[in-house]
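K.L.:
quick one, structure for this:
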Amino acid sequence: MARWGGQAHPAMQVPGPSLREAASMYGTAVAVFLVILVAALQGSTPPESPFPYHIPLDPEGTLELSWNVSYVQETVHFQLLVRELKAGVLFGMSDRGELENADLAVLWTDGDSAYFGDAWSDQKGQIHLDSQQDYQLLRAQRTPEGLSLLFKRPFGTCDPKDYFIEDGTVHLVYGILEEPVRSLEAINTSGLQTGLQRVQLLKPNISVPALPADLQTMEIRAPDILVPGQETTYWCYITELPEGFSRHHIVMYEPIVTAGNEALVHHMEVFQCAAEFESFPAFSGPCDSKMKPERLNYCRHVLAAWALGAKAFYYPEEAGLAFGGPGSSRFLRLEVHYHNPLMITGRRDSSGIRLYYTATLRRFDAGIMELGLVYTPVMAIPPQEPAFVLTGYCTDKCTQLALPPSGIHIFASQLHTHLTGRKVVTVLARGGREREVVNRDDHYSPHFQEIRMLKKVVSVLPGDVLITSCTYNTEDRKLATVGGFGILEEMCVNYLHYYPQTQLELCKSAVDPGFLQKYFHLVNRFDSEQVCTCPQATVPEQFASVPWNSFNRQVLRALYGFAPISMHCNKSSAVRFQGEWNLQPLPEITSKLEEPAPHCPPGRGQSPVGPTVVSIGGGKG
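P.N.:
Model (predicted):
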């Protein structure tokens with residue numbers, strides 16, 4: 001029996017008769033041999049193929065993935081390091097991180113021979129060899145750390161069994177084969193050690209900007225608080241800049257998460273308070289506490305925003321986020337969102353954000369703007385919905401009033417929903433026509449919310465419309481999911497990072513509340529069950545009493561598609577720009593962009609018709 005773990009150079013041979021057996025086993029014409037000799041050298045990465053991106057796939061670190069991206073060839077090169085390899089490994093991609101209906105590359109052994117093949121799993125988790133082999137093994141090599149597999153795959157293959165690699169989140173899946181198997185079809189993922197890791201495979205080809213020589217750091221952290229033993233907590237903490245702190249530019253920031261609390265800290269923000277108040281009272285406690293001073297509501301100017309899965313954030317070399325100096329408040333508010341579904345008690349936390357800043361001011365002040373939906377229960381998703389869409393608008397009326405004549409330039413974006421979010425997209429429209437996508441994630445996960453640099457800077461002019469749509473899945477819920485701050489409620493937000501900074505900090509919408517009440521009255525009239533439309537009932541209570549038949553679902557969907565909206569065209573002080581913002585008509589869009597479609601690689605080479613037979617032996621083969 002061939003084993004790959006523990007021994008220095010286990011014999012992996014290719015016996016002659018297995019060709020006929022393999023052809024019969026997989027129903028393919030012939031298996032293609034790739035004989036790879038034992039690597040006597042250290043197994044370093046070839047200089048012509050560097051791998052700038054690295055992640056551990058599993059919590060134990062036995063699988064480590066590195067990759068690079070060629071946009072010219074529309075190909076991803078993967079390097080998978082397998083430590084303590086047993087009888088094989090599965091690696092691939094799926095829609096939401098499940099091992100069923102997954103697109104897989106598999107290395108396995110039958111006890112005598114080793115094989116590598118492009119495969120797929122069905123809805124029961126059964127593995128099948130793909131008739132079109134698009135994962136191409138380039139090298140298998142023994143290294144001091146383990147077995148290194150180098151293989152590649154095009155973004156799109158036009159194979160219905162293959163995953164289309166696109167911008168946004170990719171759910172990588174893996175499985176460990178503990179024992180040899182007689183055939184690939186003998187593998188069922190349900191019996192394996194499996195897992196998933198979320199990544200953005202198609203990283204933008206943007207280099208990290210140079211940092212200034214006079215770089216300084218400042219940590220804004222929670223003061224060793226006791227995390228409440230409840231599911232959702234927003235913790236607010238007021239701190240202040242040193243006396244006489246002059247105007248600086250933030251050029252980078254990164255999260256500081258207390259060790260052991262990585263699963264509790266959902267997202268964090270640092271706000272600067274309004275300059276019109278000379279002082280703000282000290283406070284450290286839940287943001288919804290009755291003891292929270294009213295003045296803290298005027299600390300809304302975003303300096304930094306981090307959410308689960310994000311790494312360090314860099315500003316472009318021509319822009320920085322200004323803080324400190326005349327006309328700027330010395331007071332800052334840190335807000336930490338704790339998600340504690342297990343109701344853990346006794347846990348202390350000092351998480352926060354580390355700011356990197358310079359006194360050498362850059363050409364432009366940068367800003368952060370919120371797009372999407374207002375945090376209000378009037379926007380809701382019925383239960384048992386596989387793909388319900390809610391849309392928020394930043395209207396032409398708001399951009400015309402609030403943006404400078406030369407417009408603004410968006411260089412990064414952070415998408416945000418809570419647990420039922422599955423897809424988020426923001427589109428720019430001009431003159432009634434959708435022009436370009438600002439950011440899109442068709443495989444969005446609320447557990448992987450990083451700030452992403454855009455591949456191309458998007459310019460927004462006065463009179464443009466920004467449309468943010470979120471798709472939700474509530475198939476596992478029995479009641480309507482309403483908009484709000486709680487993790488079991490929903491949000492639909494795109495945090496835009498842009499320059500030059502304007503006074504516009506929040507450009508969001510929600511359906512007009514009066515029209516929603518008309519909906520509840522209509523439901524009440526057409527249903528034998530009474531829907532509570534009494535004035536003292538809250539909107540969540542009204543939604544909770546709706547009998548969710550097909551009529552009520554379709555009417556709500558239609559209401560959100562035509563009813564007037566209430567616009568929040570707000571400054572950082574939470575004050576709206578002057579004008580009438582209620583009962584606003586939906587922007588009229590006459591031409592929409594096409595949905596992205598898989599692109600078949602030009603001039604595909606002849607792919608093997610069967611698995612590659614791999615030999616890693618000590619002098620044989």
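
K.L.:
any buried residues in the host helix or strand of residue 561, and which?
P.N.:
Using DSSP states H and E, residue 561 falls within helix 550-562. Within helix 550-562, the residues that count as buried by 16 or more other CB atoms under 10 Å are 552, 553, 556, 559, 560. To be clear about C-beta, it is placed using only N, CA and C from the backbone, and glycine gets the same treatment.

K.L.:
now do stretch 348-360
P.N.:
Neighbour-count burial for stretch 348-360 [16+ other CB under 10 Å]: 349, 351, 352, 353, 354, 355, 356, 357, 358.

K.L.:
where does the chain have its least confident helix or strand?
P.N.:
Using mean pLDDT, DSSP states H and E, strand 32-35 stands out as the lowest-scoring helix or strand of the chain, at a mean of 28.

K.L.:
these two touch, right, residue 143 and residue 82?
P.N.:
No - at 10.0 Å, residue 143 does not count as touching residue 82 under the criterion of CB atoms under 8 Å.

K.L.:
higher neighbour count, those two?
P.N.:
Counting neighbours by other CB atoms under 10 Å for residue 143 and for residue 82 shows that residue 82 has the greater number, 24 against 15.

K.L.:
residue 412 contacts residue 454, doesn't it?
P.N.:
Yes - taking CB under 8 Å as the definition, residue 412 is a contact partner of residue 454 at 6.1 Å.

K.L.:
who has more neighbours, these two?
P.N.:
Ranked by neighbour count (other CB under 10 Å), residue 412 and residue 454 place residue 412 first, with 22 against 19.

K.L.:
quick check: that one is in a strand.
P.N.:
Yes - according to DSSP: H, G, I helix; E, B strand; the rest coil, residue 412 belongs to a strand.

K.L.:
quick one: pLDDT of it?
P.N.:
The per-residue pLDDT reported for residue 412 equals 94.

K.L.:
equivalent analysis for residue 595, please.
P.N.:
For residue 595, the model assigns a pLDDT of 82.

K.L.:
quick one: it and residue 514, what's the gap?
P.N.:
34 Å (CB to CB, to the nearest Å).

K.L.:
the more surrounded of these two?
P.N.:
Legend: neighbour count by other CB under 10 Å for residue 595 and residue 514, higher for residue 514 (13 against 8).

K.L.:
so which strand or helix has the more buried one?
P.N.:
Taking DSSP H and E as the criterion, residue 514 maps to helix 513-526.

K.L.:
may I see the buried residues of the helix or strand following that helix?
P.N.:
Next helix or strand after helix 513-526 toward the C-terminus (DSSP H and E): helix 539-544. For helix 539-544, a neighbour-count test (16+ other CB under 10 Å) marks 539, 540, 542, 543, 544 as buried.

K.L.:
what is helix 539-544 packed up against?
P.N.:
Packed against helix 539-544 by the contact rule (3 or more CB pairs under 8 Å, 6 or more residues apart in numbering; DSSP states H and E) you find strand 481-482, helix 513-526.

K.L.:
those: which one's closest to residue 199?
P.N.:
Closest approach to residue 199 among the helices and strands packed on helix 539-544 (CB to CB): strand 481-482, 27.5 Å.

K.L.:
what sits against residue 223?
P.N.:
Residue 223 makes contact with 237, 284, 350, according to CB atoms under 8 Å, 6 or more residues apart in numbering.

K.L.:
mind putting these in CSV, pLDDT and secondary structure included?
P.N.:
Shown next, in CSV, are the contacts of residue 223 (pLDDT from 0 to 100; DSSP: H, G, I helix; E, B strand; the rest coil):
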residue, pLDDT, secondary structure
237, 96, strand
284, 94, strand
350, 96, coil
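
K.L.:
wait, which of those residues is closest to residue 132?
P.N.:
residue 350 (52.4 Å).

K.L.:
return the closest of the buried residues of helix 550-562 with respect to residue 52.
P.N.:
Distance to residue 52 across the buried residues of helix 550-562 (CB to CB) is lowest for residue 560, with 42.4 Å.

K.L.:
identify the bridge partners of the spatially closest residue to the closest one that is not a sequence neighbour.
P.N.:
Nearest residue to residue 560, sequence neighbours excluded (CB to CB, 6 or more residues apart in numbering): residue 511, at 5.9 Å. Assessed by DSSP bridges, residue 511 has beta-bridge partners residue 565.

K.L.:
any idea how far residue 511 lies from residue 437?
P.N.:
Residue 511 is 24 Å from residue 437, by CB to CB.

K.L.:
in three-state terms, how would residue 276 be classified?
P.N.:
Residue 276 - assigned by three-state DSSP - is coil.

K.L.:
what about it, neighbour count?
P.N.:
Counted with other CB under 10 Å, the neighbours of residue 276 add up to 9.

K.L.:
can you give me the strands for the stretch 1-150 of the chain?
P.N.:
32-35, 53-56, 63-70, 75-82, 88-94, 103-109, 114-121, 127-129, 136-143, 146-154 (DSSP state E, counting those that start in this stretch).

K.L.:
distance to residue 506 for the ones you listed - can I get that in a markdown table?
P.N.:
Below are the strands of the stretch 1-150 of the chain laid out as a markdown table (distance: least, CB to CB, whole Å):
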| stretch | distance to residue 506 |
| --- | --- |
| strand 32-35 | 57 |
| strand 53-56 | 34 |
| strand 63-70 | 34 |
| strand 75-82 | 37 |
| strand 88-94 | 36 |
| strand 103-109 | 40 |
| strand 114-121 | 44 |
| strand 127-129 | 49 |
| strand 136-143 | 48 |
| strand 146-154 | 41 |
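
K.L.:
out of those, nearest to residue 303?
P.N.:
strand 53-56 (28.2 Å).

K.L.:
run me through the strand neighbours of that closest one, direction for each.
P.N.:
Partners of strand 53-56 in its sheet, by DSSP bridges: strand 63-70 (antiparallel).

K.L.:
could you list the low-pLDDT ranges of the stretch 501-621 of the chain?
P.N.:
For the stretch 501-621 of the chain, the stretches with pLDDT under 70 are 528-535, 601-609, 615-621.

K.L.:
go with 50
P.N.:
617-621 (pLDDT under 50).

K.L.:
how about the stretch 1-150 of the chain?
P.N.:
Within the stretch 1-150 of the chain, the ranges that satisfy pLDDT under 50 run 1-3, 5-49.

K.L.:
so residue 82 sits against residue 89, correct?
P.N.:
Yes - at 5.4 Å, residue 82 counts as touching residue 89 under the criterion of CB under 8 Å.

K.L.:
any residues in contact with both of the two?
P.N.:
Taking CB under 8 Å, 6+ apart as the criterion, residue 82 and residue 89 both touch 63, 107.

K.L.:
endpoints of stretch 448-457, how far apart?
P.N.:
The stretch stretch 448-457 measures 23 Å between its terminal residues, going by CA to CA, to the nearest Å.

K.L.:
quick one: residues in contact with that stretch.
P.N.:
The contact list for stretch 448-457 (CB under 8 Å, 6+ apart) reads 167, 169, 198-200, 204-206, 267, 305-311, 313-314, 409-416, 438-439, 495, 497.

K.L.:
for stretch 154-166, same thing?
P.N.:
Residues outside stretch 154-166 that contact it (CB under 8 Å, 6+ apart) are 73-76, 92-95, 102-103, 120, 130, 132, 134, 153, 170, 201-202, 442, 596, 598-601, 604.

K.L.:
name the residues of that stretch that are buried.
P.N.:
In stretch 154-166, counting by 16+ other CB under 10 Å, buried: 154, 155, 156, 157, 159, 161, 162, 163, 164, 165, 166.

K.L.:
ditto for stretch 165-174
P.N.:
Buried residues in stretch 165-174, counted by 16+ other CB under 10 Å: 165, 166, 167, 168, 169, 170, 171, 172, 173, 174.

K.L.:
returning to that earlier point: possible to save the helices and strands packed on helix 539-544 as CSV with distance to residue 568?
P.N.:
Output for these, formatted as CSV (distance: least, CB to CB, whole Å):
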stretch, distance to residue 568
strand 481-482, 17
helix 513-526, 13
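
K.L.:
please identify the most buried of those.
P.N.:
Across the helices and strands packed on helix 539-544, averaging neighbours per residue (mean count of other CB atoms under 10 Å) puts strand 481-482 on top, at a mean of 22.
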